[in-house]
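# Take this sequence and fold it.
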Amino acid sequence: MEDLRRIVERHFIVFEAYTELDGSPTFILPSAQDTKIPFQKLIEDLREYDLLALLRRAERVPQRYQIYTDYVPLEKEETELVLKIFPNPEPKKTRPPITNVLLLIATIFTIAYTGLGRTQVYNYYGIAYGSFAGYIYALYGDPSVLLSAFVGHVWNWYGDPSLLIVAFTASLLAIIGLHEMGHYVTSRIRGQKASLPFFIPGFPPIGTFGAVIFQRTPTINRDRLFELGLMGPLTGFIITLIVLVLSIYLSPLVYPPVLYYQVGVELQILSTYGPNIYYILLNLGYPSVFQLFSQNPYPFPLLYELLMSLLRPIPPLTLIYIHPLSWVAWIGMLVTALNIFPIGMLDGGHIARSFLSQRQHAIASIIAAGAMILISDAYILMAILVLLMSPRGGHPGALDDVSPIAKWKIAVFAGMIIIAALTIPPLGWGYLF
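Coordinates of the predicted model:
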């Protein structure tokens, strides 16, 4: 105990030192002293003995201290700080990454299978519209059909299936993988140990349930907790934005001349053969122009609509058929938005905990979960699972939960909340029922 007290007193003023009933060396410190840098140096000293420290504000009534000025002594109430030292819980051995590799391979297959389905539908419509434009020109000799097909990229609609599947798989893996690598690299730069990403294979229409990493050492202070939570969704959002912009330019357009003739053909089928035959053709895969309105069963977030209006505004009476990479961007926006919500141990939860106390964070998590459910009942399961998976007693926070965090980071967090609002898919209430 005396040796530990000498180590602590290298960096802090100590009022009292004792051992808790559980054997934890505990030190009472005045709060009127710098804590951020001294605590970091204390952690470096304790590493030699395989120990860690925890710094919190005392919960008991603050004491009165005499503060002497040049004129008269003043009394001031001031809270105390509690510093506890405990053994480092970090495991001594790390397991080989065979599980990470196997899960990555399985996720590649499930994402590729999902990409295959999207590619087949996309290419089928591409072949159909290209053939239809050629057929209409041969039948009516209308050059506007060929011109509109060329301008709308109908002739380049069909893509090499293997290339599209590879692009689909690589893009989605990049969004999810680099999201987790943002956490991993940040941890390593800050001297913390973390596991490699564990990818989680899934089923169509998404193909994966994302990926996770596990922190092997606690976060030192609030600033680093903020950075750890921020770098994942920020990195994933940047990759998602790149994929989204690329997909907008790759998506073909169906212009009025082609639409006009196809509507005429479909109405003729309906009037000649009746709705039963028409519905049979639809079930067999006939590329109806009316199905272009509902070719993506999930509404796109506001960010997609904003970028579409800025980068590639759609003329009146024109339809767009989204590229398979647009679906990748949709998944990326969903992952980004949900992770930013300040709930439990989500990335947004880590960021919020760097500003809030443990109790405040618990209240914020419940409010954010309620907001998630109000957006859509499709997010009910996600909100409940995150709340249930939160540690008992709430988010533990950083080792140093006393030192203040830089004020400008509050503005960064506000910016991330705006990103969440722009990227959350507006599925709407009643979506599941």
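
# residue boundaries of the helices in the stretch 251-400 of the chain?
Per DSSP state H, counting those that start in this stretch, the stretch 251-400 of the chain carries helices over the ranges 256-283, 302-311, 324-340, 347-353, 358-375, 380-388.

# Now do the last one: distance to the chain's middle.
A distance of 15 Å separates the C-alpha centroid of helix 380-388 from that of its chain, computed with CA atoms, centre = their mean, to the nearest Å.

# Next SSE downstream of that helix?
Downstream of helix 380-388, the next assigned helix or strand under DSSP states H and E is helix 408-423.

# How far does that following helix sit from its chain's centre?
13 Å.

# So, low pLDDT: which residues of the stretch 1-150 of the chain?
The stretch 1-150 of the chain contains residues with pLDDT under 70 at 59-79, 91-94.

# Of all the helices of the stretch 251-400 of the chain, which one is nearest Thr423?
Between Thr423 and these, the shortest gap by CB to CB is with helix 324-340, which sits at 3.8 Å. Where C-beta positions appear, they are placed from N, C-alpha and C, glycine not excepted.

# Summarise which helices and strands the closest one is packed against.
Judged by 3 or more CB pairs under 8 Å, 6 or more residues apart in numbering; DSSP states H and E, the packing partners of helix 324-340 are helix 98-140, helix 161-189, helix 222-250, helix 302-311, helix 347-353, helix 408-423.

# Which residue, other than its chain neighbours, is closest to Ala362?
Spatial nearest neighbour of Ala362, chain neighbours left out: Gly394 (4.6 Å); criterion: CB to CB, 6 or more residues apart in numbering.

# these two touch, right, that neighbour and Gln360?
No: with contacts counted by CB atoms under 8 Å, Gly394 stays clear of Gln360, the gap being 9.5 Å.

# The two: who's more crowded?
With neighbours defined as other CB atoms under 10 Å, Gly394 and Gln360 compare such that Gly394 has more, 18 against 13.

# Now do that one against Ser148, distance only.
To Ser148, Gly394 is 59 Å away according to CB to CB, to the nearest Å.

# cool, and Ala194?
Distance from Ala194 to Ser148, by CB to CB: 53 Å.

# With Ala17 instead?
Ala17 is 82 Å from Ser148, where distance means CB to CB.

# The two: which is more packed in?
Ser148 (21 against 17).

# quick one: contacts for that one?
Residues in contact with Ser148, defined by CB atoms under 8 Å, 6 or more residues apart in numbering, are 133, 154, 255-258.

# How about Thr119?
Contact analysis of Thr119 by CB under 8 Å, 6+ apart lists 159, 161, 164-165, 168, 324.

# Check those residues for burial and list the buried ones.
Buried subset of the contacts of Thr119 (neighbour count, 16 or more other CB atoms under 10 Å): 159, 164-165, 168, 324.

# which one among the contacts of Thr119 gets closest to Ala32?
Phe168 (58.3 Å).

# Compute the distance between that closest one and Asp142, please.
Taking CB to CB, one finds Phe168 at 35 Å from Asp142.

# His323 now?
Per CB to CB, His323 is found 27 Å from Asp142.

# And for Ser24?
In this view, Ser24 and Asp142 are 85 Å apart by CB to CB.

# cool, and Val335?
Per CB to CB, Val335 is found 45 Å from Asp142.

# what residue ranges in the stretch 201-350 of the chain are flagged as low confidence?
Looking at the stretch 201-350 of the chain by pLDDT under 70, you get 284-287, 289-297.

# Might you report the residue contacts of the residue lying closest to Leu311 once chain neighbours are set aside?
Closest residue to Leu311 apart from its sequence neighbours, by CB to CB, 6+ apart: Ile248 at 5.5 Å. Counting by CB under 8 Å, 6+ apart, Ile248 makes contact with 304, 307-308, 311-312, 326.

# one step back: would JSON lines of the contacts of Thr119 with distance to Lys407 be doable?
Converted to JSON lines, the contacts of Thr119 look like this (distance: CB to CB, whole Å):
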{"residue": "Gly159", "distance to Lys407": "49"}
{"residue": "Pro161", "distance to Lys407": "52"}
{"residue": "Leu164", "distance to Lys407": "47"}
{"residue": "Ile165", "distance to Lys407": "47"}
{"residue": "Phe168", "distance to Lys407": "42"}
{"residue": "Pro324", "distance to Lys407": "43"}
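
# neighbours around Tyr278, how many?
Around Tyr278 there are 18 other residues, counting by other CB under 10 Å.

# And the one 4 residues further on, by the same measure?
The criterion is other CB under 10 Å. On that basis, Leu282 has 14 neighbouring residues.

# got the domain boundaries for this protein?
Domain ranges of the chain: 2-87, 103-423, per automatic domain parsing.

# Read off the pLDDT value for Trp157.
Trp157 carries a pLDDT value of 72.

# neighbours of it, just the number please.
23.

# Please report how far it lies from Leu387.
Trp157 sits 45 Å away from Leu387, going by CB to CB.

# Also Gly182?
Gly182 is 24 Å from Leu387, where distance means CB to CB.

# Could you check which of those two is surrounded by more residues?
Set Gly182 next to Leu387 and count neighbours by other CB under 10 Å: Gly182 wins out with 24 against 15.

# Now do the contacts for the more buried one.
If you count contacts by CB under 8 Å, 6+ apart, Gly182 has them with 231-236.

# switch the cut-off to 10 Å
By CB atoms under 10 Å, 6 or more residues apart in numbering, the contact set of Gly182 is 213, 227-228, 230-239, 347.

# ok, now Leu55?
Residues in contact with Leu55 (CB under 10 Å, 6+ apart) are 12, 27, 29, 35-36, 38-39, 42-43, 81-84, 220-221, 398-403.

# go on, Ile351?
Counting by CB under 10 Å, 6+ apart, Ile351 touches 225-230, 233, 340, 342, 409-410, 412-413, 416-417.

# And for the spatially closest residue to it that is not a sequence neighbour, the neighbour number?
Distances taken as CB to CB, 6+ apart put Gly229 closest to Ile351, at 4.1 Å, once the chain neighbours are dropped. Look at Gly229: counted by other CB under 10 Å, it has 28 neighbours.

# thought Gly229 was touching Gly348?
Yes: using CB atoms under 10 Å, Gly229 is in contact with Gly348, at 6.9 Å.

# picking up where we left off before, of the contacts of Ile351 - the most surrounded one?
Ile340 (31 neighbours).

# got the contact list for that residue?
Taking CB under 10 Å, 6+ apart, we find Ile340 in contact with 229-230, 232-234, 236-237, 346-349, 351-352, 368, 413, 416-421, 423-424.
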